[in-house]
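*Asks:* Requesting a structural model of the entry that follows:
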Amino acid sequence: MSTPTQFKRRLGADLSAMATAPAPAPATRTPARRLRLPLAVATVATAAAAAVVVPTLSGSGGSPAYAVTKKDDGSLVLHLNRPEGLPGLQQQLKKMGVRAAALEGDENCPTGAPPHAPWATAGYALTFPSEPGKAVIHPDMIPDDTTASDGRRVAGATLLIVAEFGKDNATKAVSFRLVSKVPKCSVPGIGGGPDAHA
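*Replies:* Coordinates of the predicted model:
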């Protein structure tokens, strides 16, 4: 008969001790590794996106139809690989604040080559490395709108880029000229080209 009594006393003492003991500190939950991984991946992806200055739009085939990359000095490296890159190239340059138009050269263009902007120098708004579809655009060499000394407004020039493509649709040559008005078509080989500005 004494065993149940001892059990009750021991149980009572244990319960009293537990009731008066300080509460344990709440456990902090350590996030699982798999929860940290997406955050790390997102951080790396954000850093990579910040390093890409200008997006590259892809066309059909293994290489992009065009690409534009901004350099530290403000110049833009242009790669034009196929005809379907022309509209995207023009849109990208516009987004970057460059007044430019891109056309495919047309031997049958009734107006021929558009006239140079009468007051603009054609020199070095676009230069050419050795590759046929590569050029460097110098936006600071494209004249802005100005006001003449007599108060007349003089419209800025537009960089007209005219590309020629071979039978395989690869870029054969790119030429340019600064124009006052963008034509609907142009013959190829206008103004500057790889031979003019190496």
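
*Asks:* Please save the CA atoms from stretch 152-166 in CSV.
*Replies:* The C-alpha coordinates for stretch 152-166 follow below in CSV (Å, rounded to 0.1, in the frame of the first residue of the first chain):
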residue,chain,number,x,y,z
ARG,A,152,16.1,79.0,-87.1
ARG,A,153,15.7,75.5,-85.8
VAL,A,154,17.9,73.0,-87.6
ALA,A,155,16.8,69.4,-87.3
GLY,A,156,19.4,66.8,-86.1
ALA,A,157,20.6,64.0,-88.4
THR,A,158,19.6,60.4,-88.3
LEU,A,159,22.2,57.6,-88.8
LEU,A,160,21.0,55.5,-91.7
ILE,A,161,22.4,52.0,-91.6
VAL,A,162,22.1,50.0,-94.9
ALA,A,163,22.9,46.3,-94.9
GLU,A,164,23.6,43.9,-97.7
PHE,A,165,23.1,40.2,-97.3
GLY,A,166,24.3,37.2,-99.3
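
*Asks:* For it, buried residues please.
*Replies:* Neighbour counts over stretch 152-166 (16 or more other CB atoms under 10 Å) mark 154, 157-165 as buried. For glycine as for every other residue, the C-beta is placed from the backbone atoms N, C-alpha and C.

*Asks:* Repeat that for stretch 135-155.
*Replies:* Of the residues in stretch 135-155, those buried (16+ other CB under 10 Å) are 135-139, 141-143, 154.

*Asks:* Below-threshold pLDDT in this structure: ranges please.
*Replies:* 1-8, 11-62, 119-124, 126, 128-130, 192-198 (pLDDT under 70).

*Asks:* which stretches of it form strands?
*Replies:* With DSSP state E as the criterion, the chain has strands at 66-70, 76-80, 100-104, 126-127, 134-137, 146-147, 153-154, 158-165, 171-179.

*Asks:* want to throw these into CSV with distance to Pro110?
*Replies:* Supplementary listing: the strands of the chain in CSV, determined by distance: least, CB to CB, whole Å:
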stretch, distance to Pro110
strand 66-70, 27
strand 76-80, 25
strand 100-104, 14
strand 126-127, 25
strand 134-137, 27
strand 146-147, 32
strand 153-154, 28
strand 158-165, 15
strand 171-179, 17
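
*Asks:* can you tell me which of these comes nearest to Gly88?
*Replies:* strand 66-70 (5.8 Å; CB to CB).

*Asks:* Over to His116: give its phi and psi.
*Replies:* Per-residue torsions, His116: phi -60, psi 150 (degrees, to the nearest 10).

*Asks:* Counting neighbours, what do you get for it?
*Replies:* By the measure other CB atoms under 10 Å, the count of residues near His116 is 17.

*Asks:* List the contacts of it.
*Replies:* Contacts for His116 (CB atoms under 8 Å, 6 or more residues apart in numbering) come out as 122, 177-179, 191.

*Asks:* do you know how far it is from Gly156?
*Replies:* Distance, His116 to Gly156, by CB to CB, to the nearest Å: 14 Å.

*Asks:* returning to what we had before: so which of the strands of the chain comes closest to Cys185?
*Replies:* strand 100-104 (6.6 Å).

*Asks:* Strand partners (parallel or antiparallel) of that closest one?
*Replies:* strand 158-165 (parallel) (DSSP bridges).
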